[in-house]
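1. fold the stuff below for me.
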Amino acid sequence: MITHAELLSLMTYDPATGVFHWREYKYPRRPDLMVGFVSDEGYLRCKIGSQTYPLHRLAWFYVHKRWPSGQIDHINRDKADNRLSNLRVATHGQNQTNAGAHKTNRLGVRGVRKKQRGLRYEARITHEGRVIHLGHYLTIEEAAAARKAAERLLHGEFAGP
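-> Residues are numbered from 1 along each chain as shown. Sure thing, here's the model as predicted:
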């Protein structure tokens, strides 16, 4: 693992923009060249020596001088937005709570599904490993509103946008 002093000697970080820049020229880097590449998962990463680091974890380390104790959650769900105001330490469960709808979700609304029989939508939420049924609704908007209210109640600040 890289030390804080090594990190400071290699790059600069602007907490307001979330952007890292290399400090000095080392092939193939140029001075003031932005640090990072987009991973397959959509996160910005960089390679230092033989180790690859997620830039959101490096941002936390750069500012706080210690590695985060858990995962780093992007508050606005934008994996490339590494502004310090958009990052917070979270448990795995809290980080999952702030995730968007899964890519296989046909409706695009997390926790809402169309019932196979009838014309109703079912809203559900998982809390502490238990699935909680929130009811059946005539419209997707009503089901989404019920889900969002339950998120705010059960998950607080990690309820997502």
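2. who does the top helix by length along the chain touch, helix- and strand-wise?
-> Under DSSP state H, the helix in the chain containing the largest number of residues is helix 140-155. Identification of packing neighbours for helix 140-155 by 3 or more Cβ pairs under 8 Å, 6 or more residues apart in numbering; DSSP states H and E yields helix 92-97, strand 112-114, strand 121-127, strand 130-137. Placement of C-beta: from N, CA and C, glycine included.
3. any chance of the ones you listed in a markdown table with mean pLDDT as columns?
-> Shown next, in a markdown table, are these (pLDDT from 0 to 100):
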| stretch | mean pLDDT |
| --- | --- |
| helix 92-97 | 84 |
| strand 112-114 | 89 |
| strand 121-127 | 91 |
| strand 130-137 | 93 |
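4. can you redo these as JSON lines with distance to residue 54 and mean neighbour count?
-> Converted to JSON lines, these look like this (distance: least, Cβ to Cβ, whole Å; neighbours: other Cβ atoms under 10 Å):
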{"stretch": "helix 92-97", "distance to residue 54": "13", "mean neighbour count": "16"}
{"stretch": "strand 112-114", "distance to residue 54": "31", "mean neighbour count": "17"}
{"stretch": "strand 121-127", "distance to residue 54": "26", "mean neighbour count": "19"}
{"stretch": "strand 130-137", "distance to residue 54": "31", "mean neighbour count": "13"}
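5. ok, which of these comes nearest residue 69?
-> Across the helices and strands packed on helix 140-155, residue 69 has its closest neighbour in helix 92-97 (12.2 Å, Cβ to Cβ).
6. ok, now how distant is the residue of the chain most remote from its centre from residue 137?
-> The centre of the chain is farthest from one residue, residue 118, which by Cα atoms, centre = their mean lies 35.8 Å away. According to Cβ to Cβ, to the nearest Å, residue 118 and residue 137 sit 11 Å apart.
7. ditto for residue 84
-> Distance from residue 84 to residue 137, counting by Cβ to Cβ: 39 Å.
8. do residue 12 as well
-> For residue 12 relative to residue 137 (Cβ to Cβ), the value is 50 Å.
9. got it, and residue 34?
-> From residue 34 across to residue 137, the span is 46 Å (Cβ to Cβ).
10. also residue 159?
-> For residue 159 relative to residue 137 (Cβ to Cβ), the value is 19 Å.
11. and the worst-scoring helix or strand of the chain on mean pLDDT, what does it pack onto?
-> Across the helices and strands of the chain, mean confidence by mean pLDDT, DSSP states H and E is lowest for helix 92-97: a mean of 84. Counting contacts by 3+ Cβ pairs under 8 Å, 6+ apart, helix 92-97 packs against strand 71-74, helix 140-155.
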